[in-house]
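K.L.:
Quick one, fold the following:
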Amino acid sequence: MTDESKARPVDDMTFEEAIGELERIVGELERGEAPLEKSIAIYERGEALKKRCEALLKQAEARIEKITLNKDGQPKGTEPLDVED
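P.N.:
Numbering: from 1, shown residues only. I've put the predicted structure just below:
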């Protein structure tokens, strides 16, 4: 993993960038080779990345619309997708 001081700000990352780095962090933590202080630092970054991914997914869900059908099964328009919190 890159040095934490050179790491890109989480809030500037796309979903794909954040999930990719999160996967690398999980792998590094699973190997258990990092010293304790580094493990804590990358765990904290992983938490921030997880929150970023969740926020971006919620934004995407809010933009998705579902097609509504009339009683004959024909498309009649769209409405916001029901998203549960």
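
K.L.:
alpha carbons only for contacts and neighbour counts from here, please
P.N.:
OK.

K.L.:
Sketch out the low-pLDDT regions of the chain for me.
P.N.:
1-6, 81-85 (pLDDT under 70).

K.L.:
looking at it, which residue lies furthest from center?
P.N.:
Most distant from the centre of the chain: residue 72, at 38.7 Å, with distances by C-alpha atoms, centre = their mean.

K.L.:
for that one, helix, strand, or coil?
P.N.:
Following DSSP: H, G, I helix; E, B strand; the rest coil, residue 72 is assigned to coil.

K.L.:
again with the one 4 residues further on
P.N.:
Secondary structure assignment for residue 76 (three-state DSSP): strand.

K.L.:
Number of residues surrounding it?
P.N.:
As a burial measure, residue 76 scores 10 neighbours (other C-alpha atoms under 10 Å).

K.L.:
how far away is it from residue 61?
P.N.:
Counting by C-alpha to C-alpha, to the nearest Å, the gap from residue 76 to residue 61 is 21 Å.

K.L.:
can you give me the strands in the protein?
P.N.:
Ranges of strands in the chain, per DSSP state E, are 65-69, 75-80.

K.L.:
And the longest helix seen in the chain, what does it pack against?
P.N.:
Criterion DSSP state H: the longest helix present in the chain is helix 36-63. If you count contacts as 3 or more C-alpha pairs under 8 Å, 6 or more residues apart in numbering; DSSP states H and E, helix 36-63 packs onto helix 15-31.

K.L.:
Check which residues of the helix it packs on are buried.
P.N.:
15, 18-19, 21-22, 25, 28-29 (16 or more other C-alpha atoms under 10 Å).
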